[in-house]
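Student: sequence first, predicted model second:
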Amino acid sequence: MIAVAGLRTKARWRGSRPGLERRWIGAALLAAATAVPAPAAVEPRWPELRELVEVAELSALSASPNGRLVAFRTDRPSIERNSYELAWHVLDTATGATRRIASGGEPILIEPGMLATEPPVWSPNGRWIYFRALRAGAVQVWRAAVDGSGWQAVTAEEGDVLSVERSMDGRALLYRVGPPRAEIERAELDEYDNGILVDEHVELGQNLFRGAIINGRHATQRLTGNWFVRGGLLWSRPPRLERLDLATLARTAAREQDFSAPVDAQGNEAPESVARSSRGDVATSVWSGSEGSLTVVREGGRGAALTCPAEACRTDRVAWTAWRPGRDQLVFATADRAIVMTLHLWDLASGQVRTIIRANGLLNGGRQENRPCALTASEAVCVVAEPTSPPRLEAIDLETGVGRPSFDPNRPLRARRWPSAERLNWRGPDGREFTGVLFLPERAPERPLPLFINYYRCEGFIRGGLGDEWPFALFAASGIAAMCVNATRMGGPQDGVGQYRAALGGIEVLIDVLDNRGLADRSRVGMGGLSFGSEVTMWAVANSDLISVASVASPQFAPSTYWFNSVRGRDYPRILRQVWGLGSPSETPDQWRLLSPALHVDRIRVPLLMQLSEQESRYGIEFYAQLTNSSTPTELYVFPDEPHIKVQPRHRLAVYRRNLDWFRFWLHGHEDPDPSKTDQYRRWRALAERFAADAQRRQERSQSSSETRSNTRK
């Protein structure tokens, strides 16, 4: 490992771009030339990258009819298998004992890169749970005995089972079935042989023939008509509806009206959560981006709709709702601007709302925020996840708010050494409120540290921001302060440029705050992001001199991207104009020059690492090709078979490792002595040398021009 001493400075680089380049050029070149004794190895108690990837998630919580048992699923990534080990368990709330009862099969992946998680359906007698599982290339309905005596498939459909739910009377399971798998494969091969007709449903940015993994196999995808939402080749065919009697396992045809229908929220806004009580009352929450509401409509429309009277129901987002068994009471969780959850209980008879407990992170039913805890008559069994504490299961008393540990699959990881985590609140120049979490080494730094910033969402156990690509704990262990920033709330119509400007203003204030506290060295600031977070990162790089090095996980807008996605019938042009003010490149050339890094490559003067999914990588080629023909240090990696968010464990490990190396190299001048990385550092040193030489030439030309102008004036 190579280190650099004596390069830290408190100078405030606010001047020319060559000045910005000097922030890291000197560090990188001196690091490459000056070998010093390697520092002591990081203590083994710090978490390893592999452990951060293989965190066990908890999801799909559901209480038995008598309330004694709670079923849930564990999803643990396996780097060895490059897949996920799914398992169903039941918790006995009376004894606290937990039993593994079944395998969950192979992962069912859904857009934009997540594992499908849905609560199981209980049999009326509480002896079985029913769930979807992918095995041997087919998604069927399976059931598992809660005593652990076995599990088996209860359907043998020719098409994959798309969803399951309990019937309103509780005596049957309702499910939807997609087109036969053999028919889908024949349709794919017919297209292969006869050519693919390109229309508004064909995405030219990804492989057209079997360019995605759907239910365990490479399959052809189509756009379904809403932005970049995708489905299989025969996605538009109506599913077949079935009813499975839970007592006899007899199957009969079902009707659409048998299934739970979407509930129209007030103002036609998409509901955040919908919960139906056993007698048919419906609770619905909505959120506009700046304010919300929670209402209850009684079964059959009897009486006026009830509105939650608590202020938190208006000022915070109601993330999930669930009815308390045997009571006319609604339990719900609000998430504040920091995505910190508070559990509430609303007694509808009295109209009173009381707080049960405030968490230090997520308090819900698993990976997705809007999944409810499992409720018994006396407890809420919840997944608890905090910034430096991986998910665990706790049973929380609904009267006292006292929690008791119930299941902890991540206990070894929890015992590792972790950085300090401080929640911060501040306001941008326009008064908008920002929140985030700052990760620092355990002891207060003696002098300002390099800083890494990730922008978008900081929820639950914060391993690496949205998409889990930047290992915050290992940044802190390496002497880099790591800051996860939540996107500021902006009500009203979407305004992409306004959001970028607000984000940059908040980041500027944040750096000032950390600089004034002596925690961060403003001359060495890195930034990275996925999706919207990548857009904010590139906006900050191009429109400020705050950022010294960057890494993005998503491509940016480019003229070529526009035409990839503007076949007649697509909604892409309409949304681009509505949110970002972008027409075609010839219609709005000034707006394109403002927003597209491919059109202002000269303003991208920091080292940039791009680690993109194959599904999106073609949209980044115009920008990357131009960067490679400039002197700006850049590398692009593409990960096969990945959607918007990378899901394969080996890919996530590779992304973690490369991001950690990238920022340590450019912010610290450090090189990992691992022999397998020799070529990596050789390339990076060459990139730094070329950029430094170009910067020197431009500086000399600038000085020469200044001297010429001075002589002319004389």
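Tutor: Cool, the structure landed.

Student: next one: phi and psi at the closest residue to R603 other than its chain neighbours?
Tutor: In space, and not counting its chain neighbours, R603 is closest to A542: 4.4 Å by Cβ to Cβ, 6 or more residues apart in numbering. (Glycine included, C-beta is placed from N, CA and C.) When read as degrees, to the nearest 10, the backbone of A542 gives phi -80, psi -20.

Student: pretty sure A542 is in contact with I604, am I right?
Tutor: Yes - with the criterion set as Cβ atoms under 8 Å, A542 and I604 qualify as a contacting pair; they are 6.2 Å apart.

Student: list residues touching both of these two?
Tutor: Counting by Cβ atoms under 8 Å, 6 or more residues apart in numbering, the shared contacts of A542 and I604 are P597.

Student: where's the residue nearest to R603 relative to V601, distance?
Tutor: Remark: distance between A542 and V601 (Cβ to Cβ, to the nearest Å) = 9 Å.

Student: name the residue closest to the centre of the protein, please.
Tutor: With distances taken as Cα atoms, centre = their mean, L466 lies nearest the centre of the chain, 3.3 Å away.

Student: hang on, that one packs against G528?
Tutor: No - the criterion here is Cβ under 8 Å, and L466 misses it with G528 at 10.8 Å.

Student: which residues are common contacts for those two?
Tutor: Joint contacts of L466 and G528 (Cβ under 8 Å, 6+ apart) are N454.

Student: how about E386, phi and psi?
Tutor: phi -130, psi 170.

Student: what's opposite it in the beta bridge?
Tutor: S389 (DSSP bridges).

Student: tell me who's in contact with it.
Tutor: A359, N360, G361, L362, G460, F461.

Student: and the residue nearest to R603, how far from P597?
Tutor: Counting by Cβ to Cβ, the gap from A542 to P597 is 6 Å.

Student: so which of those two has more stuff around it?
Tutor: P597 (25 against 21; other Cβ atoms under 10 Å).

Student: quick check: domain ranges of this protein?
Tutor: 17-41+419-558+596-702, 58-261, 268-416 (automatic domain parsing).

Student: quick one: closest of the ones you listed to P47.
Tutor: domain 268-416 (4.5 Å; Cβ to Cβ).

Student: centre of the chain to the closest one, how far?
Tutor: Computed by Cα atoms, centre = their mean, to the nearest Å, the separation of domain 268-416 from the middle of its chain amounts to 21 Å.

Student: ok, W662 - how many residues close by?
Tutor: Other residues close to W662 by other Cβ under 10 Å number 24.

Student: show me the strands in the stretch 551-700 of the chain, by range?
Tutor: Assigned by DSSP state E, counting those that start in this stretch, the stretch 551-700 of the chain shows strands spanning 608-613, 634-639.

Student: got the angle for the first one vs strand 634-639?
Tutor: Think strand 608-613. For strand 608-613 against strand 634-639, the angle by axes from the mean of the first three to the mean of the last three Cα atoms, to 10 degrees is 10 degrees.

Student: neighbouring strands for strand 608-613, and are they parallel or not?
Tutor: strand 549-552 (parallel), strand 634-639 (parallel).

Student: now tabulate those strands in CSV and tack on mean neighbour count and distance to A283.
Tutor: Shown next, in CSV, are these (neighbours: other Cβ atoms under 10 Å; distance: least, Cβ to Cβ, whole Å):
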stretch, mean neighbour count, distance to A283
strand 549-552, 26, 40
strand 634-639, 18, 41
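
Student: for these, which one sits closest to N82?
Tutor: Closest to N82 of the strands paired with strand 608-613, according to Cβ to Cβ: strand 634-639, at 11.9 Å.

Student: neighbouring contacts of that closest one?
Tutor: 607-614, 617, 620, 624, 627-628, 646, 648, 651, 654-655, 658, 683, 687.
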